[in-house]
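In: Make a model of this:
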Amino acid sequence: MEEKWLVPRKKAEVVSAGEQLPSIQEVIQLAPVLIESGMFPGVNKPPEAVAKILLGREMGVGPVTSLQLIDVVRGRLRPRAQLIATLLKRSGRYDYRIKKLDDKECVIEFLDRGVMVYESHWTMADAERAGVVKPDSAWKTYPREMLFSRAMSTGALKVCPEVMGGAEPLEINGGYDVVEGVATPEGEPPAEAWTNFWLKADELGFPSRDEVHAALGVASVKDYIANVRRPDGSAPSLEDALVVLRKKAAERDINDLFPEQTETPGVAPSSEASPPAEGPDVPSERPGGTEGQSEGVAGQRIQIENLLRVRWGEFPDSVDGNIRLWCDNVFKVKTIADIPEERLQEALKKAQGK
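Out: Numbering: from 1, shown residues only. Next comes the predicted model:
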């Protein structure tokens, strides 16, 4: 009886295992060449490349596709959902169609010889229950792709495990994200994000992990992500941790540049003479009259604030807090407006870093 497909299509020409594919000896010779090309991030050893190519050969795909779409996770070869979808479409027997796909849900119908035999669902609620929806994870940035991968892998494992050569899909049992050839458990920041985090932490003056953990007040950065909460109750990201480190670095720099003063607030240090009394032999440096004096004081306070804002302009979210810390550490006052007039020149010099 003629087959009737629910979705009209041309029957794919399947490459059977071993047909038009390199022999095992050719695979062994080819693996080092492909690695040396540098086009397959994460594949660094010929035996690993050979293993991937051989599994791909069993599935009927070539060496390049195998190295691109088969990953090694904890010593096991695991094909990605993208490869599984391709194998279904070219199998001549199985097929799938997307019934629904948006940022909240994916529904895929699996067909066997044109007959719908299974419907695979994956929702963001499922992902949240699994604990994989976190700020730095792909679930936040690419929800549709992640939902499709989960629905495809779970459905194919039930309907047509033979197309995967018996291998477990990458997205099953917790699942993994792959960035630049490095597999990371779903829900965790990818390896690249961790690398950038530690580089930025080092630039901020926290070169060791112990120093970072001490600044964050946790045993590890993973503990920070798992246990600390934003004001809205959501989990923090690595960028949130960097914001904390920037604030700590600013506080540290303030203390280094302006050690705690011991003099009484409002009284000039003994090393600096009090402003001389104005008289005929000592020309006044202030504009004449009370009004001019008031305008000069206000202008000095504005200049001090501008200098400090420029200094901490790299941290716009914490600049006001840094200014308050500076006022407290240097002059034992709460704001620039509280700095005594007789110390404004001193404040200007310190604001300039002198």
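In: which sections of the stretch 251-354 of the chain are below the confidence cut-off?
Out: 255-295, 312-318, 354 (pLDDT under 70).
In: need the helices for it, in chain order.
Out: Listed from the start of the chain, the stretch 251-354 of the chain has helices (DSSP state H, counting those that start in this stretch) covering 289-311, 319-331, 344-351.
In: Which one of those lies nearest to residue 60?
Out: helix 319-331 (60.4 Å; Cβ to Cβ). (Glycine included, C-beta is placed from N, CA and C.)
In: how about the closest one: buried residues?
Out: Buried residues in helix 319-331, counted by 16 or more other Cβ atoms under 10 Å: 319, 322-323, 325-327, 329-331.
In: quick one: low-confidence ranges for this protein?
Out: In the chain (pLDDT under 70), the answer is 1-20, 136, 171-192, 255-295, 312-318, 354.
In: Quick check: nearest residue in space to residue 21, chain neighbours excluded?
Out: residue 57 (5.1 Å; Cβ to Cβ, 6 or more residues apart in numbering).
In: Using a markdown table, please lay out the helices of the stretch 251-354 of the chain together with distance to residue 198.
Out: Putting the helices of the stretch 251-354 of the chain into a markdown table (distance: least, Cβ to Cβ, whole Å) gives the following:
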| stretch | distance to residue 198 |
| --- | --- |
| helix 289-311 | 26 |
| helix 319-331 | 24 |
| helix 344-351 | 33 |
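In: So which of those helices is nearest residue 73?
Out: The minimum distance between residue 73 and the helices of the stretch 251-354 of the chain falls on helix 319-331, with 43.7 Å, by Cβ to Cβ.
In: other SSEs contacting the closest one?
Out: On a contact count with 3 or more Cβ pairs under 8 Å, 6 or more residues apart in numbering; DSSP states H and E, helix 319-331 meets helix 238-257, helix 289-311, helix 344-351.
In: how about those helices, which one is nearest residue 64?
Out: Residue 64 lies closest, by Cβ to Cβ, to one member of the helices and strands packed on helix 319-331: helix 238-257, at 33.3 Å.
In: The closest one relative to helix 344-351, how many degrees between them?
Out: Helix 238-257 and helix 344-351 are oriented at 130 degrees to each other (axes from the mean of the first three to the mean of the last three Cα atoms, to 10 degrees).
In: For helix 238-257, list every residue counted as buried.
Out: 238, 240-242, 244-251, 254.
In: packing partners for that helix?
Out: Judged by 3+ Cβ pairs under 8 Å, 6+ apart, the packing partners of helix 238-257 are helix 191-203, helix 209-216, helix 221-227, helix 319-331.
In: Find the helix or strand that residue 57 is a member of.
Out: Of the helices and strands defined by DSSP states H and E, residue 57 is found in helix 46-59.
In: quick one: the residue lying closest to residue 215 once chain neighbours are set aside from residue 230, how far?
Out: Nearest non-adjacent residue to residue 215, counting by Cβ to Cβ, 6+ apart: residue 248, 4.5 Å away. Distance, residue 248 to residue 230, using Cβ to Cβ, to the nearest Å: 18 Å.
In: Tell me the strands beside the helix or strand containing residue 95, with direction?
Out: Element membership of residue 95 [criterion: DSSP H and E] is strand 94-101. Under the criterion DSSP bridges, strand 94-101 sits next to strand 105-112 (antiparallel) in its sheet.
In: hmm, back to that, quick one: which two of the buried residues of helix 238-257 are the most distant?
Out: The largest separation in the buried residues of helix 238-257, counting by Cβ to Cβ, is between 238 and 254 at 24.9 Å.
In: returning to what we had before: residue 130: which of the helices of the stretch 251-354 of the chain is closest?
Out: Distance to residue 130, taken as Cβ to Cβ, is lowest for helix 319-331 among the helices of the stretch 251-354 of the chain, at 37.8 Å.
In: Also compute the angle for that closest one relative to helix 238-257, please.
Out: 20 degrees.
In: Restricting to C-alpha, output helix 319-331 in CSV.
Out: Extracted in CSV, the C-alpha atoms of helix 319-331 (Å, rounded to 0.1, in the frame of the first residue of the first chain):
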residue,chain,number,x,y,z
VAL,A,319,28.8,56.7,42.6
ASP,A,320,26.5,58.4,45.1
GLY,A,321,27.4,55.7,47.7
ASN,A,322,31.1,56.2,47.0
ILE,A,323,30.8,59.9,47.5
ARG,A,324,29.1,59.4,50.8
LEU,A,325,31.8,56.9,51.9
TRP,A,326,34.5,59.5,50.8
CYS,A,327,32.8,62.2,52.9
ASP,A,328,32.6,59.9,55.9
ASN,A,329,36.2,58.5,55.6
VAL,A,330,37.9,61.8,54.9
PHE,A,331,35.9,64.4,56.8
